[in-house]
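Student: this one's sequence-less:
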């Protein structure tokens, strides 16, 4: 009876599917066999219907969506930039909390909205214009430095990971990965590696999306080589990503208290963008301290198995006369007035940009105030009131051959440790909020170089209180407090000083 009832309720061709399964034919292929069996008796009827449908009039196509001139203008400006700079802009927008997608260098609606959100909040110039771009990149670098974001190979898995070490100072080795945690345990990042023949993307995806009381899956993506799942579990949020390759499956899990989401969400995206599950051994060891470029996937689920790329410095090239040697950096603090801590005793004809400048006043701390008609619009940041804490994240803004450089640094006593290049004496050093911590006081005459680049070094600072006292003595008292959107706000007022 059961057999007969089952036979009557079976679709035509089901016996063929059963025989296919018995013979070891994959289930998908068996399903195709069922479809063919069902369609065979009705093939002629379907073809007749198709011919009749061809005789019907074709409905008119819907009119294309109107073109948004603002979007197209932003697209043209964005796509005119080199790919490395486009990725650097998106990476900076991740760190300012405005962009929550993959750093790919491609322009889309999310990039457009992120650029507008940053500009509306910061009040800066267009982030696609040279000086506005410098401000954005400096703001991103400041946030990244504050998190002490370090990109390096994970010894537990072999993958390249980006770790916000200020948030996750506790590291523990696991049997097949690593664990990083905050001091209070409210934020946890774990890396995991599964050799071939153990876990697969399918089994891991099933585990991550299986119904569990109290867990709500908010996003899931399954691609041939990638799995991304986000979920809510009571007071917690989680992000899971795995990638498959010849060495097996590698991935990470990020869990955190939902009350920390305003800060940690951007860290999740930064970690996802830096993640390179199977880095190319021929590319060398990845130990970049700077920002990650387009690593693997974002919270939106993009994938890339290549290693992280560091965005190029802001290419904001201030005009300068050719053949002049860099003497230092300065900050426009008033109309036609530039403050610096560079040593200018041996410089008979200092210049700011293409215009000559002259020294108006100096003090024993090494500060100098220049009369500089060629200076940009002034922007004087508020002086930091309290001393800088040990290992506190700082950002130094200095001119370089390719424009304004945003160099992440750390405070050490009254000094700063940063990878500043020659010509950085007098560069302003700011905290994450954009308050002035001081100016780089002296720069070595012959700094140590590695592969032609000066590595991070300890440099003395002229403290902010000395800057305030010196400017007040020159009739430039500290201005009223103003809203500052971070270190990037100050970048347009930074200039290079050259000497003939």
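Tutor: Arrived safely. Small disclaimer: the values here were computed from a predicted structure and weren't measured.
Student: show me what contacts the closest residue to residue 435 other than its chain neighbours?
Tutor: Leaving aside its chain neighbours, residue 435 sits nearest to residue 384 (4.1 Å; criterion: CB to CB, 6 or more residues apart in numbering). C-betas here are computed from N, CA, C, even on glycine. By CB atoms under 8 Å, 6 or more residues apart in numbering, the residues touching residue 384 are 431, 435, 436, 437, 464.
Student: in a markdown table: those residues, plus pLDDT, secondary structure and distance to residue 144.
Tutor: A markdown table is the format used below for these (pLDDT from 0 to 100; DSSP: H, G, I helix; E, B strand; the rest coil; distance: CB to CB, whole Å):
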| residue | pLDDT | secondary structure | distance to residue 144 |
| --- | --- | --- | --- |
| 431 | 88 | coil | 14 |
| 435 | 89 | coil | 18 |
| 436 | 92 | strand | 20 |
| 437 | 92 | strand | 17 |
| 464 | 92 | helix | 23 |
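Student: out of these, which are buried?
Tutor: For the contacts of residue 384, a burial check counting by 16 or more other CB atoms under 10 Å picks out 431, 435, 436, 437, 464.
Student: quick one on the thing from earlier: now the contacts of residue 384 in a markdown table, with distance to residue 261?
Tutor: Output for those, formatted as a markdown table (distance: CB to CB, whole Å):
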| residue | distance to residue 261 |
| --- | --- |
| 431 | 24 |
| 435 | 26 |
| 436 | 31 |
| 437 | 29 |
| 464 | 33 |
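Student: what is the nearest of those to residue 329?
Tutor: Nearest to residue 329, judged by CB to CB, of those is residue 436 at 13.5 Å.
Student: ok so, going back, of the contacts of residue 384, closest to residue 251?
Tutor: Taking CB to CB as the measure, residue 251 sits nearest to residue 431 out of these, at 35.0 Å.
Student: gap between the closest one and residue 145?
Tutor: Separation of residue 431 from residue 145 (CB to CB, to the nearest Å): 10 Å.
Student: what touches both of these two?
Tutor: With CB under 8 Å, 6+ apart, residue 431 and residue 145 have common neighbours 393, 394, 395.
Student: still on that earlier bit, which one of the buried ones among the contacts of residue 384 is nearest residue 195?
Tutor: Checking those against residue 195 with CB to CB, the nearest one is residue 431 at 45.0 Å.
Student: the closest one contacts residue 388, doesn't it?
Tutor: Yes: judged on CB atoms under 8 Å, residue 431 makes contact with residue 388 at a distance of 6.8 Å.
Student: quick check: neighbours shared by these two?
Tutor: Common contacts of residue 431 and residue 388 (CB under 8 Å, 6+ apart): 394, 437.
Student: off-centre distance for stretch 91-98?
Tutor: 6 Å (CA atoms, centre = their mean, to the nearest Å).
Student: what's next to that stretch, contact-wise?
Tutor: With CB under 8 Å, 6+ apart, stretch 91-98 has contacts from 99-100, 103, 111, 113-115, 117-118, 121-122, 136-137, 139-141, 143-144, 262, 265-266, 269-270, 273, 291-293, 311, 486.
Student: of those residues, keep whichever come out buried.
Tutor: 99-100, 103, 111, 114-115, 118, 122, 136-137, 139-141, 143-144, 265-266, 269-270, 273, 291-293, 311, 486.
Student: in helices only, show me the residues you listed.
Tutor: Judged by DSSP state H, the subset of the buried ones among the contacts of stretch 91-98 located in helices is 111, 114-115, 118, 122, 136-137, 139-141, 143-144, 265-266, 269-270, 273.
Student: for residue 343, what are its contacts?
Tutor: Neighbour list for residue 343: 327, 328, 366, 425, 442 [criterion: CB under 8 Å, 6+ apart].
Student: ok, the first one to residue 205 distance?
Tutor: In other words, residue 327. 59 Å.
Student: can you classify residue 162 by secondary structure?
Tutor: Assigned with DSSP: H, G, I helix; E, B strand; the rest coil, residue 162 falls in the strand class.
Student: is it in contact with residue 273, as I believe?
Tutor: Yes: with contact defined as CB under 8 Å, residue 162 and residue 273 form a contacting pair (7.4 Å).
Student: residues near residue 68, how many?
Tutor: Neighbours of residue 68 under the rule other CB atoms under 10 Å: 12.
Student: before we move on, what about residue 356?
Tutor: Around residue 356 there are 15 residues (other CB under 10 Å).
Student: same thing with residue 172?
Tutor: Burial of residue 172 is recorded as 11 neighbouring residues (other CB under 10 Å).
Student: then residue 367?
Tutor: Using other CB under 10 Å, residue 367 has 22 other residues around it.
Student: these two touch, right, it and residue 466?
Tutor: Yes: Residue 367 is in contact with residue 466 according to CB under 8 Å; the separation is 7.0 Å.
Student: tell me where the stretch 251-400 of the chain has strands.
Tutor: Taking DSSP state E, counting those that start in this stretch, the strands of the stretch 251-400 of the chain run over residues 325-334, 337-340, 350-352, 355-356, 358-362, 368-371, 393-400.
Student: nearest to residue 227 among those would be which one?
Tutor: Nearest to residue 227 among these is strand 393-400; the distance by CB to CB comes to 33.2 Å.
Student: from the contact counts, what lies against that closest one?
Tutor: helix 130-147, strand 325-334, strand 403-412, strand 415-418, strand 428-430, strand 436-440, strand 494-499 (3 or more CB pairs under 8 Å, 6 or more residues apart in numbering; DSSP states H and E).
Student: partners of the fifth one in the sheet?
Tutor: This means strand 428-430. Neighbouring strands of strand 428-430 in its sheet, by DSSP bridges, are strand 393-400 (antiparallel), strand 436-440 (antiparallel).
Student: and if you look at the second one?
Tutor: Using DSSP bridges, the neighbouring strands of strand 325-334 in the sheet come out as strand 337-340 (antiparallel), strand 494-499 (antiparallel).
Student: again with the fourth one
Tutor: Looking at strand 415-418 with DSSP bridges, its partner strands are strand 403-412 (antiparallel), strand 457-463 (antiparallel).
Student: of the shared contacts of residue 431 and residue 145, which is the most crowded?
Tutor: Ranked by neighbour count (other CB under 10 Å), the shared contacts of residue 431 and residue 145 have residue 395 at the top, with 31 neighbours.
Student: helix/strand/coil for the residue positioned nearest the centre of the chain?
Tutor: What sits nearest the mean C-alpha location of the chain, by CA atoms, centre = their mean, is residue 91, with 2.8 Å. Following three-state DSSP, residue 91 is assigned to helix.
Student: next one: it from residue 270, what distance?
Tutor: Remark: distance between residue 91 and residue 270 (CB to CB) = 8 Å.
Student: can you pick the most crowded of the contacts of residue 343?
Tutor: residue 328 (29 neighbours).
Student: pLDDT at it, what is it?
Tutor: We have a pLDDT of 90 for residue 328.
Student: and if you look at residue 88?
Tutor: In this model, residue 88 carries a pLDDT of 90.
Student: mind listing what's buried along the one helix or strand it maps to?
Tutor: Using DSSP states H and E, residue 88 sits in helix 83-95. For helix 83-95, a neighbour-count test (16+ other CB under 10 Å) marks 84, 85, 86, 87, 88, 89, 90, 91, 92, 93, 94, 95 as buried.
Student: just those now: which is nearest residue 252?
Tutor: residue 94 (16.9 Å).
Student: from residue 137, how far out is that closest one?
Tutor: Shown here: residue 94 relative to residue 137, a distance of 12 Å by CB to CB.
Student: a markdown table please, covering the strands paired with strand 428-430 and showing distance to residue 491.
Tutor: Below are the strands paired with strand 428-430 laid out as a markdown table (distance: least, CB to CB, whole Å):
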| stretch | distance to residue 491 |
| --- | --- |
| strand 393-400 | 5 |
| strand 436-440 | 13 |
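Student: worst mean pLDDT among the ones you listed?
Tutor: strand 393-400 (a mean of 85).
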